[in-house]
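# My questions concern the predicted model and sequence given below.
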Amino acid sequence: MTETPQPTSASVSSDPLHETLSNAVDAALPATIAELGALVRIPSVSWDGFDSHQVQLSAEAARSMLDGIGVFDSVELAQAPIDESTLGHPAVLATRKAKNGKPTILLYAHHDVQPPGQDADWDSPPFEPTVRGDRLYGRGAADDKAGIMAHVAAIRAFVEAVGDDFDLGLVAFFEGEEEFGSRSFANFITENREKLAADVIVVADSDNWDINTPSLTVGLRGNVTFKLKVSTLDHASHSGMLGGAVPDAMLSAIKLLATLHDADGAVAVAGLITREAETPEFSEEKLRHEAGLLDGVSSIGTGSVLSRLWDKPSITVTGIDAPSVMNASNTLSPSVSVKISVRIAPGQDPYEAFDALRDHLETHAPFGAHLEISDVDRGSPFLVDTSGWAVDVVKEAMHEAWGSEPLETGIGGSIPFISDLVEVFPEAQILVTGVEDPDSRAHSPNESLHLGVFKRAILTEALLLAKLERRA
């Protein structure tokens, strides 16, 4: 994709500080990209079954960068319990107290990443950062190690422009298990409440409308995920001898999963709600391009495209444990397990949503199949309060950095921990920003970061810090 030329900073802002910050960001960009590449090389997958030492290494790398800036009162690695016997992955926590009545800003990102999937699906190795055209490819290059580097680079540019004797309060919080459900998050922010307290919280883990238009995310769907085991037999049986009279688990699972959607592909589970809201124009052709729909394959659901992505529930089977094709034998499978990921609309309680899903599955289990549900995670949806002064300030910074007006958008993805932040810090203004664009393919093979978007995201945040430093 070719980047459209942007207006010069002089055409957007005559503030000398803008030019100083812009020059600082530009001069440091090659080194910033190189540091991001070093982070990408660390395979910090936080899921069970992967090497947790790599998550430790990525935390140490992020801590070292923050410590090297030299403006924080404290930079530490910290962990909180998930439960009585299990600690969460390490987070990085850096703090600097505000002076002279200035506000405090908390900058959030996460240093863990999704599993890479099959190497064969990548055009270059997932943990070998590779620049092709104007994009940097690699797992975590966009989600969310670029968020970490945007924070680090913005602080550096800000310090270069104003010096290290500033009054703004500054907190950096880089989590280590967001991709694994932020399971210790609530305990972490409770245990570190005083250190994390802020007037403004920036969550750099979302996307932008396109490579030339910034977005402030104001609506996020929630999520419910769980493992479903479908069983019909106490042992495998010969498919020729008993097939046609005995229901195998695969048949039962397929029939059961098919009840989750109607003929249009819309969710058909009673109790999952839809939010009524206006959405911007977004064509079916744009959806086809961004999703990579194959010729002849239609979209699913009803209503406007963005209402389906932002304001309605979705259900996806993200994994299945069953005999592989290579190892298939002529047997009736006694049990099949699947992983189900559900996105719920803003306004939906995740506990009520799970109850509706469980009731639906139990009601529609075919042939009396036995069901077992485990590993349940729930995350609340979120609507940003856009009435606070910080929204105007960050929009102003976005406009100056990008040269175009920012949009308020929703996203179909979830950031469940935001509801925890709201509960613990009810007075804080939360700004959900990001470095991704529609072609970033977060969580997918060939995840990438547009380097022009990256630069403008850094400058946006540096400008935001400067504006907050000036604020009475």
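Ah, there it is. Numbers count the residues shown, from 1 in each chain.

# Okay, strands next: where are they in the stretch 1-150 of the chain?
Remark: strands assigned in the stretch 1-150 of the chain by DSSP state E, counting those that start in this stretch are 74-78, 91-96, 104-110, 130-132, 135-137.

# Of all those strands, which one comes closest to Thr433?
strand 104-110 (10.0 Å; Cβ to Cβ). All C-beta spots, glycine's among them, are computed from the backbone N, C-alpha and C.

# Pro346 in helix, strand or coil?
Put simply, Pro346 is coil when judged by DSSP: H, G, I helix; E, B strand; the rest coil.

# out of everything not next to it in sequence, what's closest to it?
Pro381 (4.3 Å; Cβ to Cβ, 6 or more residues apart in numbering).

# State the distance from the one you found to Ile418.
Distance from Pro381 to Ile418, counting by Cβ to Cβ, to the nearest Å: 9 Å.

# ditto for Trp47
Counting by Cβ to Cβ, the gap from Trp47 to Ile418 is 21 Å.

# show me the contacts for Trp310.
Neighbour list for Trp310: 219, 221, 275, 277, 279, 346, 409-412 [criterion: Cβ atoms under 8 Å, 6 or more residues apart in numbering].

# Touching the helix or strand where Glu396 lies from outside, list them.
Using DSSP states H and E, Glu396 falls within helix 389-402. Residues from elsewhere that reach helix 389-402 (Cβ under 8 Å, 6+ apart): 6, 9, 12-13, 15, 18, 199-200, 202, 212-214, 216, 384, 405-406, 429, 431, 433, 456-457, 459-461, 463-464, 467-468, 471.

# List buried members of those by neighbour count.
Buried members of the contacts of helix 389-402, scored by 16 or more other Cβ atoms under 10 Å, are 6, 9, 12-13, 18, 199-200, 202, 212-214, 216, 384, 406, 429, 431, 433, 456-457, 459-461, 463-464, 467-468.

# Next, check those residues against the strands and list the overlap.
Those of these mapping onto strands are 200, 202, 216, 429, 431, 433, per DSSP state E.

# Please name the bridge partners of Ala172.
Ala94, Leu107 (DSSP bridges).

# Next, count neighbours for it.
25 (other Cβ atoms under 10 Å).

# which residues touch it?
Here Ala172 is in contact with 66, 72, 92-94, 106-107, 151, 155 (Cβ under 8 Å, 6+ apart).

# can I get these in JSON lines with pLDDT and distance to Ile189?
Output for the contacts of Ala172, formatted as JSON lines (pLDDT from 0 to 100; distance: Cβ to Cβ, whole Å):
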{"residue": "Leu66", "pLDDT": "98", "distance to Ile189": "18"}
{"residue": "Phe72", "pLDDT": "98", "distance to Ile189": "18"}
{"residue": "Val92", "pLDDT": "98", "distance to Ile189": "14"}
{"residue": "Leu93", "pLDDT": "98", "distance to Ile189": "10"}
{"residue": "Ala94", "pLDDT": "98", "distance to Ile189": "15"}
{"residue": "Leu106", "pLDDT": "98", "distance to Ile189": "10"}
{"residue": "Leu107", "pLDDT": "98", "distance to Ile189": "14"}
{"residue": "His151", "pLDDT": "98", "distance to Ile189": "18"}
{"residue": "Ile155", "pLDDT": "98", "distance to Ile189": "21"}
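
# Tell me which two in those residues are the farthest apart.
Leu93 and Ile155 (14.5 Å).

# what number of residues lie near the closest residue to Ala198 other than its chain neighbours?
The spatially closest residue to Ala198, leaving aside those adjacent along the chain, is Leu106, at 3.8 Å (Cβ to Cβ, 6+ apart). Leu106 has 23 neighbouring residues, counting by other Cβ under 10 Å.

# Leu106 contacts Lys195, correct?
No. Taking Cβ atoms under 8 Å as the definition, Leu106 is not a contact partner of Lys195, at 9.6 Å.

# Need the residues touching each of the two.
Contact with both Leu106 and Lys195 is made by residues Val171, according to Cβ under 8 Å, 6+ apart.

# Let me know the helix or strand that the closest residue to Gly181 other than its chain neighbours is in.
Closest residue to Gly181 apart from its sequence neighbours, by Cβ to Cβ, 6+ apart: Asp377 at 4.8 Å. For Asp377, the element it lies in under DSSP H and E is strand 370-379.

# chain center to that strand, what's the gap?
Mean C-alpha position of strand 370-379 versus that of the full chain (Cα atoms, centre = their mean, to the nearest Å) differs by 22 Å.

# Ok, stretch 131-144 next?
That offset, for stretch 131-144, works out to 15 Å (Cα atoms, centre = their mean).

# and if you look at stretch 421-434?
On the basis of Cα atoms, centre = their mean, stretch 421-434 sits 16 Å off its chain's mean C-alpha point.

# same question, stretch 286-304
That offset, for stretch 286-304, works out to 22 Å (Cα atoms, centre = their mean).

# okay, now the domains of this structure?
9-220+382-470, 222-275+312-379 (automatic domain parsing).

# how about these in CSV, adding distance to Arg288?
Formatted as CSV, the domains of the chain follow (distance: least, Cβ to Cβ, whole Å):
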stretch, distance to Arg288
domain 9-220+382-470, 12
domain 222-275+312-379, 15
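
# Tell me which of these sits most buried.
Most buried of the domains of the chain by mean neighbour count (mean count of other Cβ atoms under 10 Å) is domain 9-220+382-470; its value is a mean of 20.

# got a list of what the nearest residue to Val269 once chain neighbours are set aside touches?
Among residues not flanking Val269 along the chain, His360 sits closest, at 4.7 Å (Cβ to Cβ, 6+ apart). Residues in contact with His360, defined by Cβ under 8 Å, 6+ apart, are 259-260, 269-271.

# do Pro81 as well
Here Pro81 is in contact with 87-88, 184, 187 (Cβ under 8 Å, 6+ apart).

# any idea of the pLDDT on it?
Looking at Pro81, its pLDDT reads 97.

# Just to confirm, what confidence does the model report for the residue nearest to Val269?
For His360, the model assigns a pLDDT of 98.
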